[in-house]
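Participant: Quick one: sequence and predicted model below, then my questions.
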Amino acid sequence: MAIATHNTTTEVQDRAILVSLVTDKIKRTGVDPELSLQELVQLAETAGVEVLDVLRQNKETPDPRWFIGKGKVEELRMAADGLGANTAIFDQELSGAQVRNLEEALDLKIIDRTQLILDIFAGRAKTREGIIQVELAQLSYLLPRLSGHGKNLSRLGGGIGTRGPGESKLETDRRHIRDRITELKRQLDEVVKTRELHRERRRKSGAVQVALVGYTNAGKSTLLKQLTDADVYIENQLFATLDPTSRVLQLPGGKEVVLTDTVGFIQNLPHDLVASFRATLEEVNEANLVLHVVDASSPMREEQMDVVQSILQDLGAAGKPQIVLFNKSDICEPGQLEMLPSGDGYLKISAFNSEDLAHITQVIADELAGDTVTFRIPGERGDLTSVLYRVGEVLEQGFDENDILYTVRLNKKDYAKWGYLLADFVDPQ
């Protein structure tokens, strides 16, 4: 029983008023509600929604019945009538009961931030794994809210709730959804096993992996395309990339690494989505190096960087070697560039500047490379030659009587794996 959430590309155009409630709890978190609201506008536009207006309210705590106050509900109803809105999108997550009460009071389609993100993901998923992950997240979100989605259920399509369920129908729907969640988890387990086999194969082959991570729309896919000539979808919108893409990147000196583009992060990324995509996100844990791509032109730059670091922490990848790439320098004001950190581990780049791309590949090579070491290999030990080329870049080769001298710039990871075979042949001079 497949399920899809709200399709914002239907014939009836979604015309929405956005709603943000700023509570004391939100103020204590330090998150800028205005920046969050700007991001909600971007999310709505990415989903094909026409944004008509924005309503804000400051309140100590959410109203348990309508989330916003009763007076603000009336203000929202009048605004919707005046503007011809058919949808209200809330910047915070709503309970099922709040959705039901708001629908009854407003006669509008009610969507919260989490559901909007899930809708966008549903439209982006192309691979079997991505489709399974999104549906699992959708159903996990829907199940505890089932009794609260009246009109919303009628637009889900593909099975449950298409006729406006009563309570007995809802119980049947709950069983169907639980069964479907169980089946999706089984299918996802199979995909995870396959992914783990691929990881093990890469480990055994000694493939060096570099992961692109960052906030959504930071320019990761563009960078992958520019560095590797990858045929990937590029669009100036949130979550343009959903399924991870890996391509071979050749570094100066001929060394090849696997460069992987990952799904973009966002603040308040739905918990169910993170859980469903954990197997995909954990690709970052396999990386030898993380490239953290940042939209240097964004007014939310620092907040976005904090979100990425927080998610990396949750994934157990915060300790990975990392290079921060401040992207989109070509559209930054001079003052913006001056405020950015500089020095080791930071680069100010544009994905469309060939010199910057060359600099990135050299920095990657330098970061992955270890010390330069000379090995004295006896002539009869030709079997070690292939090991030398495996553990690094051979810079120079010479002869001394019956020995061959190799000067090698070591790769940290490969030398840790194969260096024991060469330990007795390091030239002390």
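Facilitator: It's in. Because the structure is predicted, anything quoted here is derived from the model rather than measured. Residues are numbered from 1 along each chain as shown.

Participant: any idea of the pLDDT on residue 74?
Facilitator: We have a pLDDT of 97 for residue 74.

Participant: what about it, neighbour count?
Facilitator: The tally of other residues near residue 74 (other Cβ atoms under 10 Å) stands at 12. Glycine gets a C-beta too; all of them are placed from N, C-alpha and C.

Participant: do you know how far it is from residue 16?
Facilitator: Per Cβ to Cβ, to the nearest Å, residue 74 is found 18 Å from residue 16.

Participant: How about residue 255?
Facilitator: Distance, residue 255 to residue 16, using Cβ to Cβ: 50 Å.

Participant: same thing with residue 378?
Facilitator: 75 Å.

Participant: And for residue 348?
Facilitator: 37 Å.

Participant: try residue 92
Facilitator: Taken as Cβ to Cβ, the span from residue 92 to residue 16 is 15 Å.

Participant: Who has more neighbours out of those two?
Facilitator: residue 16 (28 against 20).

Participant: buried set for the helix or strand containing residue 356?
Facilitator: In the assignment (DSSP states H and E), residue 356 maps to helix 354-368. Neighbour counts over helix 354-368 (16 or more other Cβ atoms under 10 Å) mark 356-357, 360-361, 363-365, 367-368 as buried.

Participant: What are the structural domain limits within the chain?
Facilitator: Domain assignment for the chain, taken from automatic domain parsing, gives 15-176, 207-352, 369-425.

Participant: Could you list every helix and strand in contact with the next helix or strand after the helix holding residue 356?
Facilitator: Moving toward the C-terminus from helix 354-368, the next helix or strand (DSSP H and E) is strand 369-378. In terms of contacts (3 or more Cβ pairs under 8 Å, 6 or more residues apart in numbering; DSSP states H and E), strand 369-378 is packed against helix 385-391, strand 392-400, strand 403-411, helix 412-418.

Participant: what do you get if the cut-off is 6 Å, keeping everything else the same?
Facilitator: Under the contact definition 3 or more Cβ pairs under 6 Å, 6 or more residues apart in numbering; DSSP states H and E, strand 369-378 sits against strand 403-411.

Participant: Direction included, what does the strand it packs on pair up with?
Facilitator: In the sheet, strand 403-411 lines up against strand 369-378 (antiparallel), strand 392-400 (antiparallel) (DSSP bridges).

Participant: and the last one, what's its mean pLDDT?
Facilitator: The average of the pLDDT scores along strand 392-400 is 85.

Participant: For the remainder of this discussion, apply numbering that starts at 40.
Facilitator: All set: I'll call the first residue 40, so the last point we hit is now strand 431-439.

Participant: residues of it that come out buried?
Facilitator: 431-433.

Participant: Stretch 415-434 now?
Facilitator: For stretch 415-434, by 16+ other Cβ under 10 Å, it's 416, 423, 426-427, 430-433.

Participant: Quick check: the gap between residue 140 and residue 120.
Facilitator: With distances taken as Cβ to Cβ, residue 140 is found 18 Å from residue 120.

Participant: ok, now which ones touch residue 160?
Facilitator: Residue 160 is in contact with residue 173, counting by Cβ atoms under 6 Å, 6 or more residues apart in numbering.

Participant: element containing it, please.
Facilitator: helix 152-163.

Participant: In which helix or strand does residue 359 reside?
Facilitator: Assigned by DSSP H and E, residue 359 belongs to no helix or strand.

Participant: Determine how far the last residue of stretch 75-95 lies from the first.
Facilitator: 12 Å (Cα to Cα, to the nearest Å).

Participant: Looking only at it, what residues are buried by neighbour count?
Facilitator: For stretch 75-95, the neighbour count (16+ other Cβ under 10 Å) marks 75-76, 78-80, 82-83, 85-86, 88, 90-91, 93-94 as buried.

Participant: List just the nearest of these to residue 330.
Facilitator: residue 78 (23.0 Å; Cβ to Cβ).

Participant: What distance do you get for the closest one to residue 332?
Facilitator: 17 Å.

Participant: Would you mark the buried spots in the host helix or strand of residue 314?
Facilitator: Assessed by DSSP H and E, residue 314 sits inside helix 310-315. Neighbour-count burial for helix 310-315 flags 311-312, 315 (criterion: 16+ other Cβ under 10 Å).

Participant: can those residues go into JSON lines with extra columns for distance to residue 299 and pLDDT?
Facilitator: Output for those, formatted as JSON lines (distance: Cβ to Cβ, whole Å; pLDDT from 0 to 100):
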{"residue": "311", "distance to residue 299": "24", "pLDDT": "81"}
{"residue": "312", "distance to residue 299": "19", "pLDDT": "81"}
{"residue": "315", "distance to residue 299": "19", "pLDDT": "80"}
